[in-house]
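Participant: kindly return the folded structure for what I paste below:
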Amino acid sequence: MPLKRSGKFWSRLQGTLFCCFRCCKGDEFWSQRYYETHYLKIETGHWQRRLRRGGTLSADENDGLTESGDIPSGYGSIITDGSEWPNSGGGRTQHSAEQQRDSGVIVSRTSTASRLKARLRHRQIRAKHGKNGNVGVPTHLTATPGQLHEHRLLPKEKIFHEMARTGNLPEVEKMIKDRINVNCMDEKDRSALHLAAGQGHVEVVKSLLDNDANVDAADKFGMNALLWAAWFGQKTAIEALCNGGALVKAENKQGLTIVHCAASRGHVDILRYIVENLLEEDSMDSDDDESGLLPSFGAVQGKMTGLFGAAASYVGLKDKKSQEDATKKNRFRPESSFLEQRCTGQSNKTPLHLAAENGRLEATEYLIQVKCNKLARTSDGSTALHLAAKRGHIEMVNLLLENNLEIDIRNQEGMTPLLYAAEEGHANVVDLLLRQKADCNVKANEKRKVMAAVHFAAQNNHSSVIKVLCNFGVDLDAQCQGGNTAIHLAAIANQTGALETLIAKGANVNVFNDKKRVALHEATENNLTDVVETLLIAGAWVNQIDKNGKTALMMAARAENITITDMIIKASRYFTKRKNENRPYIKGKERVQFRKESTEEQRQMKPILWKLAMKQLSQADATRLVFYWGFSAEQIKAVQTQYTGPKSWKEHTYRMLLIWLHGMEENPLRGLYEGLVAIERKSLAESIRKKANQKLEGKDGCSIS
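Facilitator: Next comes the predicted model:
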């Protein structure tokens, strides 16, 4: 029967015959000699060359090179360089990661694109078609550089993965009998064993293991089937994998072991199984001093003589029973314990750290019960209490405090649990810690700018935390690095909510920092209009000079920020007027704003003032008018800083007229009339009065008699 000439088939066939003509000598690709040449002679020659270079060859690998009837049926499978060939017995040969490294075998899984080369087992051909001669580059014989597709599953293999994931044991076994590759991997290097273990399909796991599934194969993240089962809480799958020879202490690329996975996910049953069945260490029931952090009484009892013996008797250490009870209560597992193993990819955290950080209450309780070190620190010196407070797990914080963790314990940055809770905005945790007598005014070290809880809360706009801190007598005017207070930090960070809360709770807006600046300087320098207005309403000093001799008004004028410049002048004139009239401004009881006109009368005056500035006043008249109204030379200079052309003075005049209007709380038209009369422009004043009275006839407070 003639073969159907499909393009894909003939492309592969021609590539095979062309590239392998030297080694197959033109043998038909269906002949026995063809398979013997490719699968036996060339591969055997590869191992011989490896031995000549000083490599080693294990007995299992040597056995794997024997001729087998399974070779043709494995033609469509993934074969890796240095991996095992199916042996004649059909049984599964296991190699741990250490054995593979010791034997010099580097397991590099090939892709769909390189399967044809893997079947041929011809290193020279792979080098020829690989990128830059790299034999590990997965390219098809006819592929061009850049067309790389790693571990693309065949349709049949996708079905196999789905059957394993859903636990369809009959279909899985049927496909295995049909010679499917049980170790085929998807784009994330995950095999059917990963999927079955993660879903807890124990019978499928056992079937895969019985058919040579690689029990320790890891995906791109370093997760093998055992770690997957631990992560998803599949205890029975873990038992099956351990019975199948899985490496118990395997780690992923972040350094997570099965204990870390189970602890971070809160799987107490798995933690209990590990402790009871997989640990090969002290059960912590003995009095051996090598098993704990603290020495036992039995270890020092016979060594206390002379002065030390007398001192021991004095403090009661000779009471053996009470000392043993105290020692057992405080002993911890050593650093070498599997339960204390550090996760290198996550700041050297222990399983207890991960359980506390993720709020796994029952897992944390169990780990403390089996004597895990509750005082252990991460790479930055943080304890489990730091991590729980930072994440806002209030029940976890309460549990750790009940287990006698120091409430004000510091890490390398001087951060306490209270500081972390305040920084992250967990008001309920802050309240709990303060009720447990945490220091509300404690500060971090220089690495965190010597900031207290109120500083962190203000900088991150956590108003609820500020309110809780105020209930416990926090110092709202405490200064951190640079002399900044919480008001300074909230202003710099543009946190108006926290700023208003601090002001409402009585914080001083006029504290100097090391630059002799108040918060108004910082907000003006950063062009924070809302913050500037909030500070002005709170009574910020507008005339305060910093170390460089600058006021906030100078900063705003130099930056040509018209809005802030005008607001500062308005505030200065408003509070000066109130003071001269013996009407002091009371914060919180009076509403005032400096960005817009306050009354309807003032808004109706704007067209009159615009016409006056643009058409009716000369530059000399405008200057005399603003001086009559009490503008200082500094204020006039600040307004005139903005230059828009030869007629800039008209815009400057209009701006100052609006600033004057802001301070006229009653009858602004009368004030304008009096000002024009004072600069000897009575006729203009009469004209404006007449037109205004005609337009506003019948409206109280707008006419001039």
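Participant: mind listing the strands in the stretch 201-350 of the chain by residue range?
Facilitator: For the stretch 201-350 of the chain, strands defined by DSSP state E, counting those that start in this stretch do not occur.
Participant: how about low-confidence regions in it?
Facilitator: Along the stretch 201-350 of the chain, segments meeting pLDDT under 70 span 282-330.
Participant: please identify the buried residues of the longest helix along the chain?
Facilitator: Assignment by DSSP state H gives helix 562-580 as the longest helix of the chain. Neighbour counts over helix 562-580 (16 or more other CB atoms under 10 Å) mark 564-575, 578 as buried. From N, CA and C alone the C-beta is placed, and that goes for glycine too.
Participant: again, but for stretch 261-278
Facilitator: For stretch 261-278, using 16+ other CB under 10 Å, the buried residues are 261-268, 270-271, 273-275.
Participant: before we move on, what about stretch 484-499?
Facilitator: Quick answer for stretch 484-499 (16+ other CB under 10 Å): 484-493, 495-496, 498-499.
Participant: so of the residues you listed, which ones are in helices?
Facilitator: Among the buried residues of stretch 484-499, the ones falling in helices (DSSP H) are A486, I487, H488, L489, A490, A491, I492, T496, A498, L499.
Participant: which of these lies closest to E171?
Facilitator: Taking CB to CB as the measure, E171 lies nearest A498 of those, at 60.6 Å.
Participant: on that earlier part again, elements contacting the longest helix of the chain?
Facilitator: Judged by 3 or more CB pairs under 8 Å, 6 or more residues apart in numbering; DSSP states H and E, the packing partners of helix 562-580 are helix 529-537, helix 552-558, helix 633-640, helix 648-662.
Participant: so for the third one, mean pLDDT?
Facilitator: Spelled out, that is helix 633-640. For helix 633-640, mean pLDDT is 94.
Participant: contacts for that helix, please.
Facilitator: 551, 553-554, 556-557, 565-566, 569, 572, 623, 626-627, 648-649, 652, 655-656 (CB atoms under 8 Å, 6 or more residues apart in numbering).
Participant: which ones are touching K691?
Facilitator: Contacts for K691 (CB under 8 Å, 6+ apart) come out as none.
Participant: let's test this: mean pLDDT of the helix or strand hosting it, rounded?
Facilitator: Taking DSSP states H and E as the definition, K691 sits inside helix 682-695. For helix 682-695, mean pLDDT rounds to 86.
Participant: what number of residues lie near the residue nearest to L617 when sequence neighbours are not counted?
Facilitator: Computed as CB to CB, 6 or more residues apart in numbering, the closest residue to L617 that is not its neighbour in sequence is T653, at 6.4 Å. Using other CB atoms under 10 Å, T653 is surrounded by 25 other residues.
Participant: these two touch, right, T653 and A622?
Facilitator: Yes - applying CB atoms under 8 Å, one finds T653 in contact with A622, separated by 4.1 Å.
Participant: list the residues that contact both of those two?
Facilitator: With CB under 8 Å, 6+ apart, T653 and A622 have common neighbours A613.
Participant: related to what we said a few turns ago, show me what contacts the residue nearest to L617?
Facilitator: Neighbour list for T653: A613, L617, Q619, A622, V626 [criterion: CB under 8 Å, 6+ apart].
Participant: can you pull the contacts of the last one?
Facilitator: Looking back up the chat, that one is V626. Contacts for V626 (CB under 8 Å, 6+ apart) come out as I636, T653, M656, W660.
Participant: run the angle between the host helix or strand of it and helix 648-662 for me.
Facilitator: Element membership for V626 (DSSP H and E) is helix 619-628. Interaxial angle of helix 619-628 relative to helix 648-662 (axes from the mean of the first three to the mean of the last three CA atoms, to 10 degrees): 30 degrees.
Participant: buried ones in helix 619-628?
Facilitator: Applying a neighbour-count criterion of 16+ other CB under 10 Å, one finds D621, A622, T623, R624, L625, V626 buried in helix 619-628.
Participant: which two from the residues you listed end up farthest apart in space?
Facilitator: The two members of those with the most space between them (CB to CB) are D621 and V626, at 10.0 Å.
Participant: ok, K505 - how many residues close by?
Facilitator: 17.
Participant: quick check: closest non-adjacent residue to it.
Facilitator: Nearest one to K505, counting by CB to CB, 6+ apart, is C470 at 4.8 Å.
Participant: just the endpoints, please. Distance across stretch 373-380?
Facilitator: Taking CA to CA, to the nearest Å, stretch 373-380 runs 17 Å from one end to the other.
Participant: can you list contacts of that stretch?
Facilitator: Outside stretch 373-380, the residues within contact range by CB under 8 Å, 6+ apart are 293, 332-333, 340, 347-350, 352-353, 368, 383-384, 387, 400, 403, 405, 411-413.
Participant: mean confidence score for that stretch?
Facilitator: For stretch 373-380, mean pLDDT is 96.
Participant: quick check: the residue nearest to K505 touching S464?
Facilitator: No - taking contacts as CB under 8 Å, C470 lies outside contact range of S464: 10.9 Å.
Participant: touching, H462 and V429? I think so.
Facilitator: No - using CB under 8 Å, H462 is not in contact with V429; the gap is 11.6 Å.
Participant: against Q346, how distant is G425?
Facilitator: Distance of G425 to Q346, given as CB to CB, to the nearest Å: 23 Å.
Participant: same question for A164.
Facilitator: Note on A164: its distance to Q346, by CB to CB, is 30 Å.
Participant: neighbour-wise, which of the two wins?
Facilitator: Set side by side, A164 and Q346 show more neighbours around A164, with 29 against 17, by other CB under 10 Å.
Participant: ok so the more buried one is a strand residue?
Facilitator: No - A164 is assigned helix when assessed by DSSP: H, G, I helix; E, B strand; the rest coil, not a strand.
Participant: check contacts around the residue nearest to it when sequence neighbours are not counted.
Facilitator: Leaving aside its sequence neighbours, A164 sits nearest to A192 (CB to CB, 6+ apart; 3.7 Å). By CB under 8 Å, 6+ apart, the contact list for A192 reads F160, H161, M163, A164, R165, V172, V182, C184, V204, L208, A213.
Participant: correct me, but the last one touches M185?
Facilitator: No - counting by CB under 8 Å, A213 stays clear of M185, with 11.4 Å between them.
Participant: shared neighbours of those two, anything?
Facilitator: Common neighbours of A213 and M185 (CB under 8 Å, 6+ apart) are S191.
Participant: give me the low-pLDDT residue ranges for the stretch 351-500 of the chain?
Facilitator: For the stretch 351-500 of the chain, counting by pLDDT under 70, not a single residue falls below.
Participant: what subset of the contacts of stretch 373-380 is buried?
Facilitator: Among the contacts of stretch 373-380, those classed as buried by 16+ other CB under 10 Å are 332-333, 340, 348-350, 352-353, 368, 383-384, 387, 400, 405, 411, 413.
Participant: could you dump the buried residues of helix 619-628 into CSV with distance to L241 and pLDDT added?
Facilitator: Output for the buried residues of helix 619-628, formatted as CSV (distance: CB to CB, whole Å; pLDDT from 0 to 100):
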residue, distance to L241, pLDDT
D621, 94, 94
A622, 89, 94
T623, 90, 94
R624, 94, 95
L625, 91, 95
V626, 86, 95
